[in-house]
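**Student:** Below is the structure, and that's it, no one-letter string:
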């Protein structure tokens with residue numbers, strides 16, 4: 001159970017934002033969202049101070065793999081193009097291009113690692129439990145049929161090993177310049193922590209500012225309340241460190 005306090009919340013239903021709000025998360029569910037004065041905080045709950053932050057509370061499962069049939073694959077790609085970063089920047093001109101970060105868990109962590117080898121549009125990156133090397137991953141994970149499911153063959157077949165290396169973020173590490181905060185559970189059976197270890201060492205070799213946080217007892221993702229709070233605090237601090245500082249907004253004077 002984690003309590004997030006002091007934020008400005010945009011509910012998303014057309015109502016005005018809630019100032020100095022509190023929301024409570026238990027597992028993967030929001031149990032309370034509202035004014036701080038109305039919150040019923042359970043005893044012993046972990047607390048996170050979000051004063052000065054704006055939040056849109058939602059939990060979205062974006063851990064997915066592309067479809068297999070051609071029509072469904074085309075539909076997947078169209079949806080991702082619509083919601084992609086570049087599309088959003090073109091569509092919503094109010095987005096601040098100088099204060100963009102990238103973060104993801106699992107497949108999202110893998111894509112975060114990959115994207116910073118392809119672009120420098122992000123000021124900071126936080127890959128969590130991501131795959132850096134598709135070859136080492138295949139031979140260390142507890143379910144080594146991942147590549148076979150995704151590509152239809154095993155790494156040793158044909159020229160597939162070379163393709164896997166080409167599609168691995170680690171292969172393109174020399175192009176990275178984005179400050180990167182890596183997080184990984186030490187007991188992750190899905191994506192072994194060696195993936196983050198390789199990426200961290202490679203970033204250090206390249207000279208990129210990077211920090212590697214290892215969470216004991218954690219598996220694939222971060223679950224323990226203390227670790228969740230720690231990861232959020234670290235993420236906020238990482239973005240604040242590398243995002244350009246902005247001047248506080250001056251409110252318009254009240255009109256009598």
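**Tutor:** In hand now; what should we look at? Owing to the predicted nature of the structure, the values given are computational and were not obtained by experimental measurement.
**Student:** quick one, what contacts the closest residue in space to residue 132 that isn't next to it in sequence?
**Tutor:** Nearest non-adjacent residue to residue 132, counting by CB to CB, 6 or more residues apart in numbering: residue 199, 4.0 Å away. C-beta here means a position set from N, CA and C on the backbone, and glycine is covered the same way. By CB atoms under 8 Å, 6 or more residues apart in numbering, residue 199 lies in contact with 113, 127, 130, 132, 169, 170, 173, 180, 182.
**Student:** Then residue 51?
**Tutor:** Contacts of residue 51 (CB under 8 Å, 6+ apart): 5, 6, 7.
**Student:** cutoff 6 Å now
**Tutor:** Shown in contact with residue 51 (CB atoms under 6 Å, 6 or more residues apart in numbering): residue 6.
**Student:** now do residue 10
**Tutor:** 17, 56.
**Student:** and stretch 215-228, how far from the chain's centre?
**Tutor:** Put simply, stretch 215-228 sits 15 Å off its chain's centre (CA atoms, centre = their mean, to the nearest Å).
**Student:** can you list the residues that contact that stretch?
**Tutor:** By CB under 6 Å, 6+ apart, the surrounding residues in contact with stretch 215-228 are 2, 46, 105, 129, 185, 186, 187, 188, 190, 231.
**Student:** where does the fourth one fall, phi/psi-wise?
**Tutor:** When read as degrees, to the nearest 10, the backbone of residue 129 gives phi 50, psi 40.
**Student:** can you count the residues close to it?
**Tutor:** By the criterion of other CB atoms under 10 Å, residue 129 has 28 neighbours.
**Student:** can you pull the pLDDT of it?
**Tutor:** pLDDT for residue 129: 97.
**Student:** between the contacts of stretch 215-228, which is closest to residue 120?
**Tutor:** Lowest distance from residue 120 to the contacts of stretch 215-228 (CB to CB) belongs to residue 105, with 22.5 Å.
**Student:** What ranges does the stretch 51-200 of the chain have for its helices?
**Tutor:** Assigned helices in the stretch 51-200 of the chain, in chain order: 70-83, 85-91, 107-118, 134-140, 146-151, 160-166, 194-206 (criterion: DSSP state H, counting those that start in this stretch).
**Student:** Now do the lengthiest helix in the chain, average pLDDT.
**Tutor:** Longest helix of the chain, by residue count under DSSP state H: helix 225-242. Per-region confidence: helix 225-242 scores 95 on mean pLDDT.
**Student:** Now do the contacts for residue 123.
**Tutor:** Residues in contact with residue 123 (CB under 6 Å, 6+ apart) are 101, 242, 243.
**Student:** For residue 210, see how far away the second one is.
**Tutor:** Right, the one you point to is residue 242. 12 Å (CB to CB, to the nearest Å).
**Student:** and what of the first one?
**Tutor:** As judged by CB to CB, residue 101 and residue 210 stand 14 Å apart.
**Student:** picking up where we left off before, ok, and for the longest helix of the chain, which residues are buried?
**Tutor:** Within helix 225-242, the residues that qualify as buried are 225, 227, 228, 229, 230, 231, 232, 235, 238, 239, 242, counting by 16 or more other CB atoms under 10 Å.
**Student:** Please consider this matter closed, and thank you.
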